[in-house]
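K.L.:
Provided below for reference: sequence and predicted model.
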Amino acid sequence: MEKKYIQISYTEYASPAELEREDRELLERAIEATEGSYAPYSSFNVGAAVRLSNGEIVSAANQENAAYPSGLCAERTALFYAHAKYPSENVVALAVVAKSGGELTPGLTYPCGACRQVLQESQTRAGADVRIIVGSATKVLVLDSVDALLPFAFDNLN
Ligand code: THU
């Protein structure tokens, strides 16, 4: 037997102002997208923005439902719409942020497990790393690959 280790890396920014222009723009689009959140049950308004290889930005927000599991996270709403509308474009980056009580949350909103799995497949489709920008009221994290969020993704369906 052999014990193995996985190393991940990410960059922490003290504020969005420190981000590269494209990442800052994507985060701003995610913040704007929180306006489309339908979250009467959690009052947690999530916005996500996806940058595609053709330069298009597709954004979306979480959509809840009285039948709770029927709702969908902001990230998957944005990713599925982006792929459906631009099936031959690749996902380059995704930004996610949340508001509560009309204000950006102090804590970071990391994509949930199901969204990580969907992000991983967007990355496989692209054949290149997808950048993840996670925002909050205080700091911003940038991960260079979905592998850092989901190292052991399910992908052996063949
Ligand atoms: N939510 C997202 O949209 N994205 C995440 O990454 C985490 C959770 C939504 C689902 C639900 O509408 C609300 O936030 C509370 O869980």
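P.N.:
Arrived safely, thanks for sending. Residues are numbered from 1 along each chain as shown.

K.L.:
how about the strands in this protein?
P.N.:
10-13, 44-52, 57-61, 91-100, 103-104, 131-134, 140-143 (DSSP state E).

K.L.:
which strands border the first one, and is each parallel or antiparallel?
P.N.:
The strands that strand 10-13 pairs with in its sheet are strand 140-143 (antiparallel) (by DSSP bridges).

K.L.:
okay, residue 39 and residue 154: tell me how far apart.
P.N.:
Taking Cβ to Cβ, to the nearest Å as the criterion, residue 39 is separated from residue 154 by 28 Å. Where you see a C-beta, it was placed from the backbone N, CA and C, and this is true even at glycine.

K.L.:
the more surrounded of the two?
P.N.:
Neighbours per residue (other Cβ atoms under 10 Å) separate residue 39 from residue 154, with residue 39 holding more: 19 against 9.

K.L.:
and the pLDDT at the more buried one?
P.N.:
We note a pLDDT of 98 for residue 39 in this prediction.

K.L.:
likewise for residue 128?
P.N.:
Residue 128 carries a pLDDT score of 98 in this model.

K.L.:
what number of residues lie near it?
P.N.:
When neighbours are counted by other Cβ under 10 Å, residue 128 comes out with 13.

K.L.:
just the one 3 residues further on next, same as before
P.N.:
The criterion is other Cβ under 10 Å. On that basis, residue 131 has 21 neighbouring residues.

K.L.:
show me what contacts the closest residue to it other than its chain neighbours?
P.N.:
Excluding the flanking residues, the one nearest residue 131 by Cβ to Cβ, 6 or more residues apart in numbering is residue 93, at 3.9 Å. By Cβ atoms under 8 Å, 6 or more residues apart in numbering, the contact list for residue 93 reads 22, 23, 26, 50, 51, 130, 131, 132, 133.

K.L.:
surely the third one is in contact with residue 57?
P.N.:
Looking back up the chat, that one is residue 26. Yes: using Cβ atoms under 8 Å, residue 26 is in contact with residue 57, at 6.6 Å.
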